[in-house]
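Colleague: Whatever this is, show me its structure:
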Amino acid sequence: MHDTSLPAGQGNVFLKDRIDREALCGQKDTCVLVSEIVLENPLQVYRIEVEIEDVNDNSPQFSKKEFLLKIPEQTPLNTRFPLEKAQDRDKGENAVQNYTLSPNDHFRLRVSRATVREQNSAQLVLVKQLDREENARLFLILSAVDGGTPIRTGTTNIIIDVLDTNDNVPQFQQSLYKAKAMKSLPQETYTCG
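Modeller: As a prediction, this is how the structure comes out:
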């Protein structure tokens, strides 16, 4: 029951400790702290509700500092590789809003815009053929960016091991080899000169 003898919005409430919205309410959409105030002369009890708004006090985080992908060098162009989503304890605009990828020749980032309940997700898209003989390992940095003020980011390293495929024919160093054999050599003796 709500007592209306105290006009709404009047009075001061002082906080004893810092309020941590995420610790109080987790990922709930609204966070309301309900309490009672006791006033003397005359003795009256008032119920108060304080809505706790989110501030951008958490950075996006990935579950690991680096991820290893093993990709064969003959993988077709435009192949997509899903990436893990970053987690951010903040809500709404203060949560993860976008992803960025360090500049490179072989991959671009495709970010799928989320629905109201889900967050954005990212995929690597192969845009230039891999060649293990040219680059056996690639190093990329994936960043998750939130929409708060100030903006906070979290990063992870993506290491790509390019797996070898049989795409090169054997080659001799010369087009002609000459060998001399003596008649007295036993059968199945080989020499190269």
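Colleague: Test my guess that residue 113 contacts residue 121.
Modeller: No. Using C-beta atoms under 8 Å as the test, residue 113 is too far from residue 121 to be in contact (9.1 Å). The way it works is simple: take the backbone N, C-alpha and C, and place the C-beta from them, glycine included.
Colleague: For these two, indicate the residue with more neighbours.
Modeller: Under the criterion of other C-beta atoms under 10 Å, the comparison of residue 113 against residue 121 puts residue 121 first, with 17 against 10.
Colleague: Can you tell me how far the spatially closest residue to that one that is not a sequence neighbour is from residue 134?
Modeller: With sequence-adjacent residues excluded and distances taken as C-beta to C-beta, 6 or more residues apart in numbering, residue 121 is closest to residue 112, at 4.9 Å. As defined by C-beta to C-beta, to the nearest Å, residue 112 lies at a distance of 31 Å from residue 134.
Colleague: and those two? which has more neighbours close in?
Modeller: It is residue 112, of residue 112 and residue 134, that has more neighbours when counted by other C-beta under 10 Å, with 12 against 9.
Colleague: which phi and psi does the more buried one have?
Modeller: Backbone torsions of residue 112, given as degrees, to the nearest 10, read phi -90, psi 130.
Colleague: What residues does it make contact with?
Modeller: Neighbouring residues of residue 112 by C-beta atoms under 8 Å, 6 or more residues apart in numbering: 120-123.
Colleague: Out of those, which comes closest to residue 107?
Modeller: Residue 107 lies nearest to residue 123 out of the contacts of residue 112, by C-beta to C-beta, at 9.6 Å.
Colleague: is it fair to say that closest one lies in a strand?
Modeller: Yes. If the criterion is DSSP: H, G, I helix; E, B strand; the rest coil, then residue 123 is within a strand.
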